[in-house]
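Colleague: 3D, please:
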Amino acid sequence: MSLIIAYIGKKGCVMAADKRKIGYFGDKKNLEILEEELYNGEIDNDDDFLKRASELGISIKITDDANKLKVVGNAIRGEVSTKGTFETKRRRIYGTTNGYQIVELVGSETKSRNAGERGIVLFGNVYAKELAQSLIEKKLKSSKSLRYMGELFEDILAEVATKTPTVGDKCDVLMQQPNFSKSEAQRHLNITIDNDIKVLTKFRQELTEQLVQQSIAIDMANKIISKGDIGRVVKVDGNMLYVQLNDKTQAMDGNWKQLAAPGQNVLMFSESDNVKVGDKVVIENEDLCLKKDKSSLRCDIILCSL
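Modeller: Numbering: from 1, shown residues only. Next up is the predicted model:
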């Protein structure tokens with residue numbers, strides 16, 4: 001859901017993009033009906049869009065704060081993306097003076113990459129692009145200063161936004177004008193794009209690791225023992241107790257790393273002077289204590305079941 005208009009010329013590059021993002025929730029068949037009506041231009045404003053979505057039982061979330069443009073190196077990157085069940089598809093245009101490249105990615109894997117020199121490039125759904133193309137042909141003057149092109153694109157985005165809910169009424173405009181020849185432009189774009197995709201790959205790897213850690217944390221949190229036997233005291237040294245864990249209990253640190261496996265000893269502390277070797281340690285009502293007299297114990301570990 002977006003519209004990006006890019007101009008690449010001998011004096012530089014300017015891009016304009018709306019900030020709209022739409023999320024859908026609901027029946028797949030009804031969603032297909034809604035999208036077909038939307039992309040055919042049958043729905044021309046936000047109110048009718050919300051009403052039609054409600055009729056089809058589709059919940060939608062509209063936001064106008066997405067950043068679809070970014071300066072990378074001496075180029076501008078514009079991106080439209082579609083999130084699938086397992087992967088995000090991205091279509092990007094990188095533009096600079098005298099050159100541009102269009103890159104299609106699935107996840108962080110490059111599926112296609114094509115280069116060009118000058119022109120106006122449109123990204124978006126077919127209907128929005130048709131509206132924008134018609135307005136460009138109607139309004140474009142012979143003067144092609146970057147400032148003029150930026151102002152023109154901003155006006156066109158605003159007008160398209162009045163005719164389709166797929167485009168929002170807020171937009172960003174970015175400009176870059178380094179001194180590149182056609183060959184220099186492509187060399188710079190090659191380096192810039194390769195580095196940018198490496199950053200995306202690293203980000204995805206870090207995100208995957210975070211999700212794995214979150215999954216582990218959720219899994220381990222569900223195993224925290226709130227009731228039952230823990231083990232038995234095997235050594236007493238003042239208020240320090242060495243407790244041997246039973247065959248169903250393990251000890252973890254705050255990062256869910258195992259500190260002690262079943263059968264191994266862990267350190268606990270007691271304020272009672274009536275602790276004997278062989279005393280059983282339990283958790284009752286979420287309190288760690290001795291089974292014989294319910295005297296409290298404390299430890300700096302997390303006790304979990306296997």
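
Colleague: Which elements pack onto the lowest-mean-pLDDT helix or strand in the chain?
Modeller: Sorting the helices and strands of the chain by mean pLDDT, DSSP states H and E puts helix 182-221 at the bottom, at a mean of 81. In terms of contacts (3 or more CB pairs under 8 Å, 6 or more residues apart in numbering; DSSP states H and E), helix 182-221 is packed against strand 69-72, strand 75-83, strand 88-96, strand 99-106, strand 109-116. To be clear about C-beta, it is placed using only N, CA and C from the backbone, and glycine gets the same treatment.

Colleague: Any chance of those in CSV with mean pLDDT and mean neighbour count as columns?
Modeller: Shown next, in CSV, are these (pLDDT from 0 to 100; neighbours: other CB atoms under 10 Å):
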stretch, mean pLDDT, mean neighbour count
strand 69-72, 95, 16
strand 75-83, 90, 19
strand 88-96, 93, 22
strand 99-106, 94, 20
strand 109-116, 92, 13
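
Colleague: Could you provide these in JSON lines, with additional columns for distance to I191?
Modeller: Shown next, in JSON lines, are those (distance: least, CB to CB, whole Å):
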{"stretch": "strand 69-72", "distance to I191": "10"}
{"stretch": "strand 75-83", "distance to I191": "10"}
{"stretch": "strand 88-96", "distance to I191": "11"}
{"stretch": "strand 99-106", "distance to I191": "11"}
{"stretch": "strand 109-116", "distance to I191": "13"}
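
Colleague: what sits against C171?
Modeller: Shown in contact with C171 (CB atoms under 8 Å, 6 or more residues apart in numbering): A16, A17, D18, K19, E154, L157, A158.

Colleague: do the same with G95
Modeller: For G95, the contact set (CB under 8 Å, 6+ apart) comprises A6, I8, C13, M15, A75, I76, G78, V121, Q176.

Colleague: Ranking by neighbours, what's the top pick from the contacts of C171?
Modeller: Compared across these, A17 has the highest neighbour count, 29 neighbours, by other CB atoms under 10 Å.
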